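Trainee: Compute the structure for the input listed below.
(3 chains)
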Amino acid sequence: MRRLTIALALGLGVVSVAGCATVEPWQRDRLANPAMQFDPDGGFAAFRAHWQEAREGASGGAGLQGGGCGCK
Amino acid sequence: MTRRWMVLGFALMALWRPMAASQPSPAPALEFPDEHGVPTSLASFQGHVVLVDVWASWCAPCKVAFAHYNAFFKEYHARGLEVLAVNVDARRADADRFLATRPHEIKVLFDPKGIAPKRLGLKGMPTSYLVDRAGNIRERHEGFTEDDVVTYRRQIEALLAELP
Amino acid sequence: MAASRTTRIAPLLGAALLTSVLLKSHGAVAQQQDPSLNIQFHGFTDSRSVTVLSPAADLDQDFTDRTSLRMRFGLDAVSAASDSCIRCHPQGANNQRKYVNASVIRKYGDTSLSMGGEFSQESFYQATTGLTSVSRTFNKANTTVAGGYSFSWNRPNLHPSDFNESQIAQNTFVALTQTLTRWTTAQVDYEFSGVTGYQSNPFLRANVDGLLIVGVVPEKRLRRSVTLRVRQALPGNTYLDADYRRYKDDWDLTANTYSLGLSHNFPQWLFSGTFRRHQQTGAYFYAPSYTGSPTYFTADFRLFPFTSNLYTARAVYVPNGQLFGILPTGAGLTFQYEFYDATTGFQAATFSTGFKVPLKRR
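Mentor: Residues are numbered from 1 along each chain as shown, chains lettered A, B, ... in the order given. Next up, the predicted model:
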């Protein structure tokens, strides 16, 4: 948990220390590119999260989904 | 009972969408080269109603609005409407690529340094401004949706009807 | 294991931060979501002989200039002959999971509120979820703070018996997204979830003194993760994405997940490649086999220690004009292939394709 707290503090620090820059709305040309989005295609990311949750123990989210014949 | 109406009134005010400029204000000086490199200024259209649109090729609603502004121009130009589409792409080639696939009659001006949005106090992309015949900004639209087209027509016709 | 003082404080701090920034007022900024219809087809196959074909549809539709609806529905057709099924079903066993997810999003100036739910049903499992989230942008949309909560009631069936178990899962998250420069944006996300109720797997049997017995795991699990993500625009229409997630739960399972990706824009194409590495320890009660009378024992491979690599290749095509000559300008096609390889010997591959059609804004 200590490492988790340090990781969170570090993350917030990085974001806030450098976060004073104000990019004007008309300067967002590169930022508007789909490659700069965190989840450019939600459906594909959702499917990946779904099968990873069925195969890895460290997925976050709303608990376990799926089960069935232990086959997922 | 009065308190209920006051609460409802405040709630409605909180949800009200800001669309129009609150007070007419003189339009700032804007002069940029057009597609042929000819310097073109907003002031040279005094006496006309001018729709100034700040747009970029990377802005999805800007691209939707472009076709509508071209249609407004075709419909109202004879009555005195001018449309200035001020492009703020940092790279001219990006704008040219978009324009090559969109036949248009409106004037496109190029402002890669973003001078126009700064002077106009732009807060979001796209934003368009309606300037009356005297050179004052009378209406401002942030964003663009299909439902805005009716409002645009009403405002353009009202400004065109004003005497110079 | 009892949560430490730090773990109790962290979600409270997150909630306080979220509340304070959401209450701050600011001028309205034009916010435009992209209404669209997405149709996708996913195929999954793995070394446990599981095959899944999954068509899905996502709809994002504006109703007014401030209200939109998001819906997702799909089907997982599971064709499986894995070792957990083959004992009773030597020819393999088919399964089908149907799900529907719907949310309403309402904008109030710079604040966006979303409420919705999801329901999924398959042969031996049913899940019902309610979720809500709120986000606010400020500083000319350079900063976004978001938070959310979900509640899920899950009902696994202990096949082949008719008995149904119950499980409650609650999840909360806080995320901060910040534009750092014209070319860099970063996001940090903290997620906390608690699961109570039945969490064992009724199909996987652990070796206890030479006998194969259905596993038993604790009925409570607290999970936390912190994720840091960066997107960087590079010269020449190239983009870099880097993510790191640190996960820990009170079953002592910890994980580090790193991913690094590169994308390049051509005139009508976007090509991307991503590498993801995941390292996890096992749960504290994990063992390859057990002796005596262990309180907890499991054969659930998700709780084993392992390292895995995931390789993703993706291509997105958005023509300048109409797609196929009929779909509106802005419609595009996506193709994606992924290969997954774990040190346990487990391997999987997915192939996905889809097309996206923009809809009218309101």
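
Trainee: Please count neighbours and contacts with C-alpha atoms only from this point.
Mentor: Fine.

Trainee: show me what contacts the residue lying closest to residue C:340 once chain neighbours are set aside?
Mentor: Take residue C:340 and drop its neighbours on the chain: the residue closest to it by C-alpha to C-alpha, 6 or more residues apart in numbering or on different chains is residue C:310, 4.4 Å away. Each residue near residue C:310 by C-alpha atoms under 8 Å, 6 or more residues apart in numbering or on different chains is listed here: C:275-277, C:338-341.

Trainee: what's the following helix or strand after the helix or strand encompassing residue C:310?
Mentor: When secondary structure is defined using DSSP states H and E, the element that contains residue C:310 is strand C:306-317. In the C-terminal direction, the helix or strand that comes right after strand C:306-317 (DSSP H and E) is strand C:332-342.

Trainee: Pull up the pairing partners for that following strand, direction included.
Mentor: Strand C:332-342 has these partner strands in its sheet, going by DSSP bridges: strand C:306-317 (antiparallel), strand C:347-358 (antiparallel).

Trainee: For the chain, which segments are assigned as helices?
Mentor: I'll assume chain A. Residue ranges of the helices in chain A, as given by DSSP state H, are A:2-17, A:42-53.

Trainee: Chain B was what I was after
Mentor: Counting by DSSP H, chain B has helices at residues B:2-15, B:60-76, B:92-100, B:115-120, B:148-161.

Trainee: winner for burial among those helices?
Mentor: Using mean count of other C-alpha atoms under 10 Å in any protein chain shown, the stretch among these with the largest mean neighbour count is helix B:60-76, at a mean of 18.

Trainee: what is the rounded mean pLDDT of stretch A:45-60?
Mentor: The average pLDDT within stretch A:45-60 is 82.

Trainee: Give me the contact list for that stretch.
Mentor: The contact list for stretch A:45-60, computed with C-alpha under 8 Å, 6+ apart, reads A:39, A:64-66, A:72, C:42, C:191-193, C:223-225, C:247-248, C:253-255, C:280, C:301-304.

Trainee: Need the buried ones from these selected in ChimeraX.
Mentor: For anyone working in ChimeraX, the buried entries among the contacts of stretch A:45-60, judged by 16 or more other C-alpha atoms under 10 Å in any protein chain shown, can be selected with:
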select /A:64,65,66,72 /C:42,191,192,193,223,224,225,247,248,253,254,255,280,301,302,303,304
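
Trainee: taking the contacts of stretch A:45-60 one by one, which sit in strands?
Mentor: Residues from the contacts of stretch A:45-60 lying in strands, with DSSP state E as the criterion: C:42, C:191-193, C:223-225, C:247-248, C:254-255, C:280.

Trainee: out of these, who's nearest residue C:130?
Mentor: The shortest distance between residue C:130 and any of these, using C-alpha to C-alpha, involves residue C:193 and amounts to 14.3 Å.

Trainee: Now that closest one. Nearest residue, chain neighbours left out?
Mentor: Counting by C-alpha to C-alpha, 6+ apart, residue C:171 is the residue found nearest to residue C:193 once chain neighbours are left out, at 4.1 Å.

Trainee: what's across from the one you found in the sheet?
Mentor: Partner residues in beta bridges with residue C:171: residue C:150, residue C:193, with DSSP bridges as the criterion.

Trainee: okay but it is in contact with residue C:190, surely?
Mentor: No - with contact defined as C-alpha atoms under 8 Å, residue C:171 does not reach residue C:190; the gap is 10.7 Å.

Trainee: re the thing from before, dump the ones in strands among the contacts of stretch A:45-60 to TSV, plus pLDDT.
Mentor: Output for the ones in strands among the contacts of stretch A:45-60, formatted as TSV (pLDDT from 0 to 100):
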residue	pLDDT
C:42	94
C:191	95
C:192	96
C:193	94
C:223	96
C:224	96
C:225	96
C:247	96
C:248	96
C:254	97
C:255	96
C:280	96
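
Trainee: For burial, what's the neighbour tally of the nearest residue to residue B:120 once chain neighbours are set aside?
Mentor: Setting aside the residues directly before and after it, residue B:120 is nearest to residue B:28 in space (C-alpha to C-alpha, 6+ apart), at 6.8 Å. Number of residues near residue B:28 (other C-alpha atoms under 10 Å in any protein chain shown) recorded here: 14.

Trainee: May I ask which two of the contacts of residue C:310 are separated the most?
Mentor: For those, and using C-alpha to C-alpha, no pair is farther apart than C:277 and C:338, which are 13.1 Å apart.

Trainee: what sits against residue C:285?
Mentor: Residue C:285 makes contact with C:251, C:296-298, according to C-alpha under 8 Å, 6+ apart.

Trainee: What score does the residue lying closest to residue C:238 once chain neighbours are set aside have for pLDDT?
Mentor: Taking C-alpha to C-alpha, 6+ apart as the measure, residue C:238 lies nearest to residue C:264, with 4.4 Å between them; neighbours along the chain are not counted. pLDDT, residue C:264: 97.

Trainee: what about residue C:264, neighbour count?
Mentor: Neighbours of residue C:264 under the rule other C-alpha under 10 Å: 18.

Trainee: Quick check: bridge partners of it?
Mentor: Taking DSSP bridges as the rule, residue C:264 bridges to residue C:238, residue C:271.

Trainee: Then residue C:276?
Mentor: Going by DSSP bridges, residue C:276 is paired in beta bridges with residue C:259, residue C:310.

Trainee: hang on, it packs against residue C:260?
Mentor: Yes - distance between residue C:276 and residue C:260: 6.5 Å, which falls inside the contact criterion (C-alpha under 8 Å).

Trainee: Pairing-wise in the sheet, spell out the partners of residue C:36.
Mentor: So, taking DSSP bridges as the rule, residue C:36 has residue C:60, residue C:358 as bridge partners.

Trainee: so what's it up against?
Mentor: Contacts of residue C:36 were listed using C-alpha under 8 Å, 6+ apart, and they are C:59-61, C:356-359.

Trainee: what sits against the residue in chain A positioned nearest to chain B?
Mentor: Of all residues in chain A, the one sitting closest to chain B is residue A:25 (5.4 Å; C-alpha to the nearest C-alpha). Applying C-alpha under 8 Å, 6+ apart to residue A:25 gives the contacts B:122-125, C:140-141.

Trainee: Compare those residues and tell me which is most surrounded.
Mentor: With neighbours defined as other C-alpha under 10 Å, the most crowded of those is residue B:125; it has 28 neighbours.

Trainee: What distance do you get for the nearest residue to residue B:31 once chain neighbours are set aside to residue B:86?
Mentor: In space, residue B:31 comes closest to residue B:41 once its chain neighbours are excluded; the distance is 4.0 Å by C-alpha to C-alpha, 6+ apart. Look at residue B:41 and residue B:86: by C-alpha to C-alpha, to the nearest Å, they are 11 Å apart.

Trainee: Contact residues of chain A facing chain B?
Mentor: For chain A, the residues in contact with chain B (C-alpha under 8 Å from any C-alpha of the partner chain) are A:24-27, A:29, A:32-33.

Trainee: make it 10 Å
Mentor: Contact residues, chain A versus chain B (C-alpha under 10 Å from any C-alpha of the partner chain): A:24-33.

Trainee: In strands only, show me the residues you listed.
Mentor: The members of those all map outside strands under DSSP E.

Trainee: Show the buried residues in those residues.
Mentor: Neighbour-count burial (16+ other C-alpha under 10 Å) is assigned, among the residues of chain A next to chain B, to A:24-31, A:33.

Trainee: Tell me how many other residues surround residue C:161.
Mentor: The number of residues packed near residue C:161 is 7, by other C-alpha under 10 Å.

Trainee: now do the one 5 residues further on
Mentor: Residues near residue C:166, counting by other C-alpha under 10 Å, number 15.

Trainee: same question, the one 10 residues further on
Mentor: Close neighbours of residue C:176, defined as other C-alpha under 10 Å, add up to 23.

Trainee: in which helix or strand would I find the nearest residue to it once chain neighbours are set aside?
Mentor: In space, not counting the residues next to it along the chain, residue C:176 is nearest to residue C:145; the distance is 4.7 Å by C-alpha to C-alpha, 6+ apart. Assigned by DSSP H and E, residue C:145 belongs to strand C:143-156.

Trainee: Noted, bye for now.
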